[in-house]
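Enquirer: heads up, no residue letters with this:
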């Protein structure tokens with residue numbers, strides 16, 4: 001049930017594969033790109049190790065917005 005509930009969320013390891021980049025590169029993007037989607041805390045209880053996930057939909061929208069911005073820059 002829990003896995004099904006969060007199937008549209010990506011861990012940092014999932015992001016590595018989804019974005020085809022290293023974990024360090026993902027952390028660099030998070031630190032430097034204010035448009036990168038915020039993660040969600042899906043920890044089952046407070047006080048337990050924090051479990052962060054990113055919405056797959058948010059990541060897709062971010063990718064699309066970057067592609068649109070790159071096209072605009074190319075056309076200027």
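Expert: Great, that's in hand. These numbers were taken from a predicted model, which means no experiment stands behind them.

Enquirer: hey, let's count contacts and neighbours off CA atoms from now on
Expert: Will do.

Enquirer: give me the most central residue, this protein.
Expert: Against the mean C-alpha coordinate of the chain, by Cα atoms, centre = their mean, the closest residue is residue 54 at 4.4 Å.

Enquirer: surely that residue forms part of a strand?
Expert: Yes. Read with DSSP: H, G, I helix; E, B strand; the rest coil, residue 54 is one of the residues of a strand.

Enquirer: my read: it touches residue 14, true?
Expert: No. With contact taken as Cα atoms under 8 Å, residue 54 and residue 14 are classed as non-touching, separated by 9.4 Å.

Enquirer: so which residues of the protein form strands?
Expert: 9-10, 40-41, 52-55 (DSSP state E).

Enquirer: dump the residue contacts of the residue nearest to residue 29 when sequence neighbours are not counted.
Expert: Spatial nearest neighbour of residue 29, excluding adjacent residues (Cα to Cα, 6 or more residues apart in numbering): residue 36 at 7.2 Å. Applying Cα atoms under 8 Å, 6 or more residues apart in numbering, we find residue 36 in contact with 29, 30, 59, 62.

Enquirer: next, residue 36: phi, psi?
Expert: phi -60, psi 130 (degrees, to the nearest 10).

Enquirer: report pLDDT for it.
Expert: Per-residue confidence (pLDDT) for residue 36: 96.

Enquirer: how far away is it from residue 48?
Expert: Distance of residue 36 to residue 48, given as Cα to Cα, to the nearest Å: 26 Å.

Enquirer: then residue 55?
Expert: On the measure of Cα to Cα, residue 55 and residue 48 end up 21 Å apart.

Enquirer: looking at these two, which one has more neighbours?
Expert: residue 55 (18 against 8; other Cα atoms under 10 Å).

Enquirer: wait, the more buried one touches residue 10, no?
Expert: Yes. Counting by Cα under 8 Å, residue 10 is a contact partner of residue 55 at 6.3 Å.

Enquirer: bridge partners for the closest residue to residue 38 other than its chain neighbours, pull those for me.
Expert: In space, and not counting its chain neighbours, residue 38 is closest to residue 54: 6.9 Å by Cα to Cα, 6+ apart. Legend: beta-bridge partners of residue 54 under DSSP bridges are residue 10.
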